[in-house]
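Q: what's the 3D shape of this:
(chains A and B)
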Amino acid sequence: MSRKPRLHIPPAPARPGADPDFSYIDIVEAGSVPRPDPHTRLREIPNSLIFDMVRVLDDAHAPVGPWDPQLDPEELQAGLRFMLETRLYDDHMLRMHRQGKISFYMKSRGEEAVSVAAAMALRPGDMLFPSYRNQGLQISRGRNLADLMNQCLSNSADMCKGRQMPIMYHWRRGNIFSISGNLTTQYPQAVGWAMAAAIKGEDDIAASWIGEGSSAEADFHHAMTFAAVYMAPVVLNIVNNQYAISTFQGTAGGERRPFAARGPGYGIPGIRVDGNDFLAVYAATTWAAERARAGTGPTLIEHVTYRVDAHSTSDDPSRYRSKAEPQAWPLGDPVERLKAHMIKFGQWSESRHEALVAEITEQVASAWEEACSYGTMAEGPFLDKNELFEDVYRDMPTHLIQQREQMLEVDRWGEEN
Amino acid sequence: MPRMNMVQALNSAMDIMLDRDQNVVLIGQDIGYFGGVFRCTDGLQRKYGEHRVIDAPIAEGGIVGSAIGMGVNGLRPVAEIQFADYIYPGCDQIISELARLRYRTAGDFYAPVTIRTPCGGGIRGGQTHSQSPEGIFTHLCGVKVVMPSNPYDAKGLLIAAIEDDDPVIFFEPKRIYNGPFDGEPDKPAVPWSNHEKGEVPSDYYTIPIGRADVVREGEEVTMLCYGTMVHVCLAAAQAMDVDAEVIDLRTLSPLDVETIRQSVEKTGRCVVVHEATRFSGYGAELAATVQETCFYSLEAPILRVTGWDTPYPHAFEWDYFPTKKRVSKALEDVLELA
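A: Sure, this is the predicted structure:
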């Protein structure tokens, strides 16, 4: 046998036309991973947290094992509601894109639990540094849907004043940071925010989300290093939805070890969690938040989930993956799983579910109506173009005042000619 | 009046701000216990503690990224990048994040970060310890760019930078940390102690960002410069006995166009001098600004004396560097032209 290096190209699980193959994902029985005390030293945390998978809901939708967060029915109903709001908001906005009402959109179907359960497990004062598929964070913190829509419309009530493409929300009052198109930049920023909280002696913590694809960015390494060095009170999440546009998780470096395994290399515990299990995400986040808030240090959580829809409205996944993949995904759907769990224990019913879907559908429609009253891409009221020059600096410097005047001069010239 | 070199003046500025504002923190490589490789933060960790003068891992992207997060959480971080040559791994955080955060959030979030970094050549530092990358940052919208030329200005400008709610890239010309340099490499080094700008009040004061300083008045030609080149220009003007007006820009962005305009309208000639390479450099912006605002006053083409368009050469430093000799020749040329 010849022994020489050969460039290894990680094989894709299922290209178009092939049968879906998720055999590369090891899925253990729900309830089989032990739950160490959150203040356990890194070396004593069992490897099963990284190499197995924290799961609470079993195949019969019953909560099993030590990670069951034992949420009361009201909390479960709130979680289900926020996930449904996220999903129906997404569906509405995709339709609005198809109708040409907004220029771009990104859905989070299948990944709702990753955002919603985490937001519910954290405190309102905790600062969230989201990626672009975390709209569930906004919704779980009570964001008015019209505010999100205003941003996507770049209308007169857009919190970004028309300066960001759709979905790049922020919410100062809700403690949710601004979304950047440059991936993973929010990770070291979240660590810095957490370092500042520790410097000031405050017990609010930070949390951030990236995709498994962007864990390859240098800022992942920066964030992990700084978080470990300073024991920053931060929860760092990798949403492993298997795809970064067409780049499957193997190309991102996930072929031989789970992304959660990157934590211990930095001195940070990792947890691999069933990201479609609302209860498991809630439990893992609670564990990590308790560590962070008590000064025990940061945690890296890998959420194993699946991006059911396209990366964005500019993407066509049928060009690079099997169309049958979403149905074959072995961890199911987070909304359906939580719903089945609640029904099983008499806390929910099909009819209540239908009523809730109808109610949220109405809520989304009326939010859209409200948002459009602040202007659409076609009809005003529009943003004042003079504001194009605001907020570059706190106070507008002379050259921007001059450039604003030059812009208006062109308009006047145009009207006269 | 106390006498300080630029290192001591910068140290004094940070000392004062750490004392006045609990939210000021310093972060950078080797800045804490050791006091910085150029000693700019000497003694500050001992005085203010490890939580306010923070030794950082060797990761410029992490230093800038975490400083942004600290700034968003109410602190006023002063990050040190050990050499400007090493700022590039931090550039995504500077360009895509720090510079644009206020804009992209319509003012809801901002990070009042100051990034201090030693720049420039003349120290036999070769291509990785001599660069002048200011033009990369003056090209950004949303950061201010400052480069002092003496201890007095350095202290006042750094305090102003730290107090500024906008991000400031604060370049420190390391060739003149310990004394002015007139661009004659064979002459013995001189200290700041004999220079009038080496007189530095020990108390708080600021020099406003955005204002140039006319350091020598003249009628024949305007010399636009900053950092080490201010001293080279002054020496060349004196050596050539030219009635040159020398403007120390101090703030490169936003630029004090009015001071430049008044000068060039008076002199009708202009020489731009910087250490950085020429093509697409900051001097091109200065030349364009001068011709846009003073075209009908100009009596000669605007000349540029800059580093050549090569990487910074170790062995040929004094052929590359805008020395007194090179600047002197440019003065002769600009006066003979047209």
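Q: count of residues packed around A:Arg15?
A: A:Arg15: 12 surrounding residues under other CB atoms under 10 Å in any protein chain shown. Where you see a C-beta, it was placed from the backbone N, CA and C, and this is true even at glycine.
Q: again with the one 4 residues further on
A: Burial measure for A:Asp19: 10 neighbouring residues, criterion other CB under 10 Å.
Q: phi, psi of it?
A: Backbone torsions of A:Asp19, given as degrees, to the nearest 10, read phi -80, psi 140.
Q: contacting residues around the spatially most central residue of chain A?
A: In chain A, the C-alpha nearest the mean C-alpha coordinate belongs to A:Asn134, at 2.9 Å (CA atoms, centre = their mean). Taking CB atoms under 8 Å, 6 or more residues apart in numbering or on different chains, we find A:Asn134 in contact with A:108, A:114-115, A:128, A:179, A:209.
Q: Check the gap between it and B:Cys119 for me.
A: From A:Asn134 over to B:Cys119 the distance is 39 Å, taken as CB to CB, to the nearest Å.
Q: and the residue nearest to the centre of chain A, what pLDDT?
A: pLDDT for A:Asn134: 98.
Q: Same question for B:Ala338.
A: 67.
Q: which parts of the longest helix seen in chain A are buried?
A: Looking across chain A with DSSP state H, the single longest helix is helix A:73-98. Residues of helix A:73-98 classed as buried by neighbour count (16 or more other CB atoms under 10 Å in any protein chain shown): A:76-77, A:79-90, A:92-94, A:96-97.
Q: what does stretch B:312-326 give?
A: Buried-residue list, stretch B:312-326, by 16+ other CB under 10 Å: B:312-313, B:317-318, B:320-326.
Q: My understanding was that A:Pro317 contacts A:Val308; is that so?
A: No - between A:Pro317 and A:Val308 there is no contact under CB atoms under 8 Å: 9.5 Å.
Q: mind listing what A:Trp329 touches?
A: Here A:Trp329 is in contact with A:20, A:22, A:110, A:306, A:308 (criterion: CB under 8 Å, 6+ apart).
Q: Buried among those residues? Need that as a selection in PyMOL.
A: In PyMOL, this line selects whichever of the contacts of A:Trp329 come out buried by 16+ other CB under 10 Å:
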select buried, chain A and resi 20+110+306+308
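Q: neighbours around B:Val143, how many?
A: By other CB under 10 Å, 22 other residues sit near B:Val143.
Q: next one: the one 5 residues further on
A: Counted with other CB under 10 Å, residues neighbouring B:Pro148 total 30.
Q: Now do it, the pLDDT please.
A: pLDDT, B:Pro148: 98.
Q: I'd like the next helix or strand past the lengthiest strand in chain B.
A: Looking across chain B with DSSP state E, the single longest strand is strand B:270-277. Once strand B:270-277 ends, the next helix or strand along the chain (criterion: DSSP states H and E) is helix B:282-294.
Q: ok, back up a step: show me which of the contacts of A:Trp329 neighbour chain B.
A: Restricting the contacts of A:Trp329 to those touching chain B (CB under 8 Å from any CB of the partner chain) yields no residues.
Q: Show me the two of the contacts of A:Trp329 that sit farthest apart.
A: Greatest spatial distance in these: A:Pro20 and A:Gly110, 14.3 Å, computed using CB to CB.
Q: pLDDT below threshold where in the chain?
A: I'll assume chain A. Scanning chain A for pLDDT under 70 picks out A:1.
Q: Oops, wrong one, chain B.
A: For chain B, the ranges with pLDDT under 70 are B:338.
Q: All the strands of it, in order from the start?
A: For chain B, the strands defined by DSSP E cover B:24-28, B:53-55, B:76-80, B:114-119, B:144-146, B:168-173, B:213-216, B:221-225, B:244-248, B:251-253, B:270-277, B:303-307.
Q: follow-up on the earlier one: could the buried residues of stretch B:312-326 be laid out in TSV, adding distance to chain A?
A: Formatted as TSV, the buried residues of stretch B:312-326 follow (distance: CB to the nearest CB, whole Å):
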residue	distance to chain A
B:Tyr312	25
B:Pro313	29
B:Glu317	32
B:Trp318	36
B:Tyr320	31
B:Phe321	31
B:Pro322	26
B:Thr323	32
B:Lys324	33
B:Lys325	35
B:Arg326	30
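Q: for chain A, what are the nearby residues on the stretch 151-300 of chain B?
A: B:165-166, B:210, B:254-255, B:257-258.
Q: List buried residues within those.
A: B:166, B:210, B:254-255, B:257.
Q: which residues does residue 37 contact?
A: I'll assume chain A. Counting by CB under 8 Å, 6+ apart, A:Asp37 touches no other residue.
Q: Switch to chain B, please.
A: Neighbour list for B:Val37: B:30, B:82 [criterion: CB under 8 Å, 6+ apart].
Q: Next, give phi and psi for it.
A: With angles defined as degrees, to the nearest 10, B:Val37 sits at phi -70, psi -20.
Q: Any idea what the nearest residue to A:Ile176 once chain neighbours are set aside is bridged to?
A: The spatial neighbour of A:Ile176 that comes closest, neighbours along the chain excluded (CB to CB, 6 or more residues apart in numbering or on different chains), is A:Leu128 at 4.8 Å. Beta bridges link A:Leu128 to A:Ile176, A:Ala207 when assigned by DSSP bridges.
Q: now A:Leu128: how far from chain B?
A: For A:Leu128, the distance to chain B equals 12 Å [CB to the nearest CB, to the nearest Å].
Q: Run a quick neighbour tally on that residue.
A: Neighbour count of A:Leu128, defined by other CB under 10 Å: 26.
Q: Also the one 5 residues further on?
A: Residues contacting A:Arg133 under the criterion other CB under 10 Å number 24.
Q: Could you do the one 4 residues further on as well?
A: For A:Leu137, the neighbour count with other CB under 10 Å is 28.
Q: what's the closest of the buried residues of stretch B:312-326 to B:Gly90?
A: Of the buried residues of stretch B:312-326, the one sitting nearest to B:Gly90 (CB to CB) turns out to be B:Tyr312, at 19.8 Å.
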